[in-house]
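Visitor: I would like to see how this sequence folds:
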Amino acid sequence: MSSAAHPSSLIGLPETEIHTTVRAAESATVPWYIWTCVAGVTSAFIGGQWDVSWHRSIGRDTFWTPAHLMIQLCGVIAAVVGLYLVYQCTFRSESELAASSVSVFGLRAPLGVFVAAWGGVAMITSAPFDNWWHDAYGLDVKIISPPHTLLILGMRGVSLGVFFLILATMNRAADAGSEDFAPLQRLLLYMGGLTVCGQMFFLQEYTTEVAMHRVLAYLALAIVVPVALAMVSQASRFKWAATTATSIYTVLLIAEILIFPLVKAEPKLGPVYFPVTHLIPTKFPVLILIPAFALDLLWQRTQSWKRWQVAIASGFLFIAVLVAVEWPFTHFLMTPAAANRFFGTTYFSFFQNPNSFDVRRQFFSPDSGVTLWMGLLKASIYASLSAWCGLAFGKWMRGVRR
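Guide: Have a look, this model is predicted:
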């Protein structure tokens, strides 16, 4: 039992208040279903990264690959846990969780369960869709295809649902003054890191190093990243939330670059332009860690500002710092100095054209002059709108208790 519900702290309280305090303290512990769902989202992240590497190294040989199974495990976990919690809250009124549930079409469960369950169904539905897509169109080397889009949206749904589950328990712990607030906050920050990973996963076709001197890359980042960082920062109540989330993203992708090439693999499809002998890892992570740190500093100093003022400052700061660090860094990635196992610029897919910009280490159609500056101004405006949405949604999430 947490310190918030220690017997000595209940002496002299009315019976109804004692029951309320005990119930709040008990609900503040980290339940098994949260750990299970977090493990499922982690499995989906690993499986997703592994699946892209599988496509780049081996090809799409069968649906029943370990990578696919790890992805779909997340959907199965979300569906099974969701059904169990719906049953507990709907048909067992004595369940402790029933008091912190919402009603949807006569069924009861915490809000996060319904969101995660939708995501799980979308993920499971995407499996036969993806299998049919490959049978009909062959090898699909793009991330954004219809079945992949459904899968990724499902994964985002599960992640958001788990985020809600953790948040509701964390907020109740904060109300009860429970010592369980800290581990729940750490879990929420970890989920925030996986959320950033998921956002960046969807953008990887636009943010390879050869594309980072184009306005399109910064427009994509402006739309997708600030909303996630602002949401995590507001919801978690941690002053270094954006830095923590982007650090998790950076560490996980660098770990992939270092680990995946240790696993043997060879292509099973043709044509083979490069003799691949191991799993091909992802590209080096975009340096969103630096602008995230700048945003954390800004948000700590602008708590008395109006939301729209914070959002405008956040958007322009995010793009300014991102361009300042990423523009020269991608120049470095094109040089022989980056051709090593840490930066991973020497790894190419078996189907990579030898005359491609990636292989020749040249920027693809870089922007300059008025096109560049007007594009970055537009990106700053998009980033401001994205930050405003994240700040508003994250602030609302502090009120989630069910």
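
Visitor: burial of residue 91, as a residue count?
Guide: Residues lying near residue 91 (other Cβ atoms under 10 Å) number 11. Placement of C-beta: from N, CA and C, glycine included.

Visitor: where do the helices sit along the stretch 101-250 of the chain?
Guide: Taking DSSP state H, counting those that start in this stretch as the test, the helices found in the stretch 101-250 of the chain are 111-137, 146-176, 181-203, 215-236, 241-259.

Visitor: I'd like to know which of those is closest to residue 29.
Guide: helix 146-176 (8.0 Å; Cβ to Cβ).

Visitor: now the closest one: mean pLDDT?
Guide: The pLDDT scores in helix 146-176 average 80.

Visitor: what are the buried residues along it?
Guide: 147-148, 150-152, 154-174, 176 (16 or more other Cβ atoms under 10 Å).

Visitor: ok, back up a step: just name the most buried of the helices of the stretch 101-250 of the chain.
Guide: Comparing the helices of the stretch 101-250 of the chain by mean neighbour count (mean count of other Cβ atoms under 10 Å), helix 215-236 ranks first with a mean of 25.

Visitor: what packs against that one?
Guide: Under the contact criterion of 3 or more Cβ pairs under 8 Å, 6 or more residues apart in numbering; DSSP states H and E, helix 215-236 touches helix 181-203, helix 241-259, helix 289-301, helix 307-333, helix 369-397.

Visitor: and the angle from the longest one to helix 307-333?
Guide: Angle between the axes of helix 369-397 and helix 307-333 is 130 degrees (criterion: axes from the mean of the first three to the mean of the last three Cα atoms, to 10 degrees).

Visitor: and helix 369-397, what's buried?
Guide: In helix 369-397, counting by 16+ other Cβ under 10 Å, buried: 372, 375-376, 379-380, 382-392, 394, 397.

Visitor: so who does the closest residue to residue 151 other than its chain neighbours touch?
Guide: Among residues not flanking residue 151 along the chain, residue 126 sits closest, at 3.9 Å (Cβ to Cβ, 6 or more residues apart in numbering). By Cβ atoms under 8 Å, 6 or more residues apart in numbering, the contact set of residue 126 is 147-148, 150-151, 154.

Visitor: correct me, but residue 383 touches residue 226?
Guide: Yes. Using Cβ atoms under 8 Å, residue 383 is in contact with residue 226, at 4.9 Å.

Visitor: mutual contacts of the two, please.
Guide: Taking Cβ under 8 Å, 6+ apart as the contact rule, residue 383 and residue 226 both touch 314-315, 318.

Visitor: could those go into JSON lines alongside neighbour count?
Guide: Listed next are those as JSON lines, based on neighbours: other Cβ atoms under 10 Å:
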{"residue": "314", "neighbour count": "29"}
{"residue": "315", "neighbour count": "23"}
{"residue": "318", "neighbour count": "30"}
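
Visitor: out of those, who's nearest residue 276?
Guide: After measuring the shared contacts of residue 383 and residue 226 against residue 276 - Cβ to Cβ - the closest member comes out as residue 318, at 36.5 Å.

Visitor: these two touch, right, residue 236 and residue 185?
Guide: Yes. Using Cβ under 8 Å as the test, residue 236 is close enough to residue 185 to be in contact (5.9 Å).

Visitor: list residues touching both of the two?
Guide: By Cβ under 8 Å, 6+ apart, no residue touches both residue 236 and residue 185.

Visitor: quick check: closest non-adjacent residue to residue 90.
Guide: residue 108 is the one closest to residue 90 (Cβ to Cβ, 6+ apart), at 4.6 Å.

Visitor: beta partners of that neighbour?
Guide: residue 103 (DSSP bridges).

Visitor: present the shared contacts of residue 383 and residue 226 as a markdown table; the columns should include distance to residue 78.
Guide: Formatted as a markdown table, the shared contacts of residue 383 and residue 226 follow (distance: Cβ to Cβ, whole Å):
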| residue | distance to residue 78 |
| --- | --- |
| 314 | 32 |
| 315 | 33 |
| 318 | 31 |
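
Visitor: phi, psi of residue 264?
Guide: The phi/psi pair for residue 264 (degrees, to the nearest 10) reads phi -70, psi 140.
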